[in-house]
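Student: Model the structure of this input:
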Amino acid sequence: MRWPFALPFVGLLLSIAVGPLLFPKVWHHHYGKIAAGWAFVTLASVWWFAGGAVTLAAVVHALLGEYLSFILLLFSLYTVAGGIVVSGDIRGTPLSNTIILALGTVMASVVGTTGASMILVRPLIRANLARPHNWHVVIFFIILVANVGGALSPLGDPPLFVGFLNGVDFFWPAQNLWLQTLIVAGSLLAIFVVVDIWLFRGEPAAPVQFAAPIGLRGLLNVPLIAAIVGCILLSASWRPGIAVDIMGTHLELQNLVRDAMLIVIALLSLWLTHEEHREANGFTWDPIREVAKLFAAIFVAIIPVVAMLKAGRDGSFAWLLSAVTDPNGDPKEVAYFWYTGLMSAFLDNAPTYLLFFKLAGGNPDVLMNALSGTLASISMGAVYMGALTYIGNAPNFMIAAIAEERGIKMPSFFGYLLIASGILVPLFLLLTFLPIAPVLR
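Tutor: From the prediction side, this is the model:
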């Protein structure tokens, strides 16, 4: 397949980018139909190129083999975390905002970027809603809690979970990425403190009011989050060797059991959590519904792009393989970092990680040892640069949707891209050129 087959995917990304900006009312009411239209164009082009059987098999693989587990994990974390209420009055000061961002960054590698985001984003929004300057707080939250903070554990971010399922040791990210993550996260928190103090000092003083003590409600959801983590660990450690084949897509028993358990856990949360807890959180299904529809279309529209990338030197992206490999066959770690990262920003970081993981040989023992720098470059690129756009990592879109829903005017797709790039690219250049990150060479 040649590059024109990627145009529906580009059209979908452009629709997501400019739709809310140019025709917000139409987009809000019909984004599902618009996304489905681009997916249909993709399938029609694949059908024309390869026939009905290949097209159907590709759709089954994209939706059942990749999308289903992806969205069920997000759905369960969104549902369970949405039942945990951080109550009390938190004033959106630079100190309280920094504490929430730092706490969320640490939590992200334990309960996942989605779990940490859903627990903390609503209290953060409530604390800053009355401030005239507040969207910058959400942007740093997306960068730190929904992305960078998840770099130390397969539970943290979907790309590392993909690596874990492909044989990467559970503790390998923490052992090999802690210094780089500390540098990036620490720098981001320092930048945020400066920006927030500067804006806060120019704002009118808020009236002094009685402050209710901070507390947690809906704590029965905490063991349910632990159960989600246990399901993920179980699916990676239990290998019964049983699979169901649907048109060439192998659905392994441990993954089917995991996905079924995730649904049960989400239903338990809905059943056991008092409704007033979700009401206090302003919980609605709109953000996860939007993510589900748009990412279903993305997983379909990306089919030709992934096919062209997998073709290697025989495909339209042969230049990419040459760009990340020396003439003697050795990997270029800096190239792996930047290409993985930039593609993660626009193609979703989980499938992009897997693509470059396979491009680097796909052998976890070799990548964790002799080529550890290459694996670290792929991991950092996928996790860190997923923060560059709203679609780089699924929680990004949900956080932005929740913020908009609660009254915070978020930047457009391109506005966010420009702001996030201005914050992050200098830090990525720091990782590339300074000797503080020895894996990049």
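
Student: drop to CA atoms for contacts and neighbour counts, all remaining ones
Tutor: Fine.

Student: Find out how far the one helix or strand F299 maps to is from the centre of the chain, if you would.
Tutor: Using DSSP states H and E, F299 falls within helix 286-301. Taking the mean of its C-alpha atoms, helix 286-301 sits 13 Å from the chain's own mean (C-alpha atoms, centre = their mean, to the nearest Å).

Student: So, low pLDDT: which residues of this structure?
Tutor: Residues of the chain that meet the criterion pLDDT under 70 lie in 88-89, 206-215, 435-441.

Student: Tell me which residue is most central in it.
Tutor: By C-alpha atoms, centre = their mean, the chain has its centre lying nearest to N393, at 2.3 Å.

Student: list the contacts for it?
Tutor: N393 makes contacts with 146-147, 345, 348-349, 386-387, as judged by C-alpha atoms under 8 Å, 6 or more residues apart in numbering.

Student: Output those residues as CSV; include the columns neighbour count.
Tutor: Formatted as CSV, the contacts of N393 follow (neighbours: other C-alpha atoms under 10 Å):
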residue, neighbour count
A146, 34
N147, 32
A345, 25
D348, 25
N349, 31
G386, 33
A387, 31
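
Student: can you list those residues in TSV and add secondary structure?
Tutor: Shown next, in TSV, are the contacts of N393 (DSSP: H, G, I helix; E, B strand; the rest coil):
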residue	secondary structure
A146	coil
N147	coil
A345	helix
D348	coil
N349	helix
G386	helix
A387	helix
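
Student: re earlier: quick check: phi and psi on the residue nearest to the centre of the chain?
Tutor: Torsion angles at N393 (phi, psi; degrees, to the nearest 10) stand at phi -150, psi 140.

Student: swap in R217?
Tutor: Backbone geometry at R217, expressed as degrees, to the nearest 10, gives phi -130, psi 160.

Student: Give me the neighbour count for the nearest residue to it once chain neighbours are set aside.
Tutor: Leaving aside its sequence neighbours, R217 sits nearest to V85 (C-alpha to C-alpha, 6 or more residues apart in numbering; 5.0 Å). Neighbourhood size, V85 [other C-alpha atoms under 10 Å]: 22.

Student: Am I right that V85 is in contact with G282?
Tutor: No. Using C-alpha atoms under 8 Å, V85 makes no contact with G282, being 10.0 Å away.

Student: how about the strands of the stretch 1-150 of the chain, start to end?
Tutor: Ranges of strands in the stretch 1-150 of the chain, per DSSP state E, counting those that start in this stretch, are 85-87.

Student: Do a quick rundown of the helices in it.
Tutor: Applying DSSP state H, counting those that start in this stretch to the stretch 1-150 of the chain gives helices spanning 7-22, 24-50, 52-60, 68-81, 94-128, 135-144.

Student: residues of the helix holding F299 that come out buried?
Tutor: For helix 286-301, burial by neighbour count (16 or more other C-alpha atoms under 10 Å) applies to 287-288, 290-301.

Student: Kindly report the same for stretch 194-201.
Tutor: For stretch 194-201, a neighbour-count test (16+ other C-alpha under 10 Å) marks 196, 199-200 as buried.

Student: got it, and stretch 48-61?
Tutor: Buried residues in stretch 48-61, counted by 16+ other C-alpha under 10 Å: 55, 58-61.

Student: likewise stretch 335-345?
Tutor: 335-345.

Student: Can you flag which of those belong to helices?
Tutor: Among those, DSSP state H puts 335-345 in helices.

Student: Make CSV out of those and add distance to L13.
Tutor: Conversion of those to CSV gives the following (distance: C-alpha to C-alpha, whole Å):
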residue, distance to L13
A335, 24
Y336, 23
F337, 22
W338, 20
Y339, 18
T340, 18
G341, 17
L342, 14
M343, 13
S344, 13
A345, 11
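
Student: Out of those residues, flag the one nearest to W178.
Tutor: Among those, F337 lies closest to W178 (C-alpha to C-alpha), at 16.2 Å.

Student: before we move on, back to that, quick check, nearest of the ones in helices among the buried residues of stretch 335-345 to I34?
Tutor: The nearest member of these to I34, counting by C-alpha to C-alpha, is A345 at 21.3 Å.

Student: List phi and psi for the nearest residue to that closest one once chain neighbours are set aside.
Tutor: Spatial nearest neighbour of A345, chain neighbours left out: G392 (4.1 Å); criterion: C-alpha to C-alpha, 6+ apart. Here is the backbone geometry of G392 (degrees, to the nearest 10): phi -70, psi -30.

Student: Spell out which residues sit in contact with G392, please.
Tutor: By C-alpha under 8 Å, 6+ apart, the contact list for G392 reads 344-349, 385-386.

Student: got a markdown table for these, with distance to H250 too?
Tutor: Below are those laid out as a markdown table (distance: C-alpha to C-alpha, whole Å):
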| residue | distance to H250 |
| --- | --- |
| S344 | 25 |
| A345 | 28 |
| F346 | 27 |
| L347 | 23 |
| D348 | 22 |
| N349 | 22 |
| M385 | 30 |
| G386 | 28 |
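
Student: Please identify which pair of the residues you listed lies farthest apart.
Tutor: Greatest spatial distance among these (C-alpha to C-alpha): L347 and M385, at 11.2 Å.

Student: Neighbour count: those two, which is higher?
Tutor: Per other C-alpha under 10 Å, whichever of L347 and M385 has more neighbours is M385, with 30 against 24.

Student: how far away is that one from G392?
Tutor: Remark: distance between M385 and G392 (C-alpha to C-alpha, to the nearest Å) = 7 Å.

Student: Between the two, which contacts overlap?
Tutor: Common contact partners of M385 and G392 (C-alpha under 8 Å, 6+ apart): 344-345.

Student: Now, the buried residues of stretch 194-201 that are in helices?
Tutor: Using DSSP H, those in helices are 196, 199-200.

Student: re the thing from before, please name every helix or strand in contact with the helix holding F299.
Tutor: helix 7-22, helix 24-50, helix 68-81, helix 394-405 (3 or more C-alpha pairs under 8 Å, 6 or more residues apart in numbering; DSSP states H and E).

Student: May I see those helices arranged in TSV, with distance to E275 as well?
Tutor: Listed next are those as TSV, based on distance: least, C-alpha to C-alpha, whole Å:
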stretch	distance to E275
helix 7-22	31
helix 24-50	27
helix 68-81	12
helix 394-405	19
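
Student: wait, which of the ones you listed is closest to H250?
Tutor: helix 68-81 (13.2 Å).

Student: what's next to that closest one, contact-wise?
Tutor: 114-116, 118-119, 221, 224-225, 228, 255, 259, 262-263, 265-266, 269-270, 288, 292.

Student: Equivalent analysis for stretch 344-363, please.
Tutor: Contacts with stretch 344-363, where a contact means C-alpha under 8 Å, 6+ apart, come from 13, 158-160, 162-163, 302, 306, 309-310, 321, 331, 336, 340-341, 343, 367, 374-375, 378-379, 381-383, 385-389, 391-394.

Student: mind checking the SS state of Y390?
Tutor: coil.
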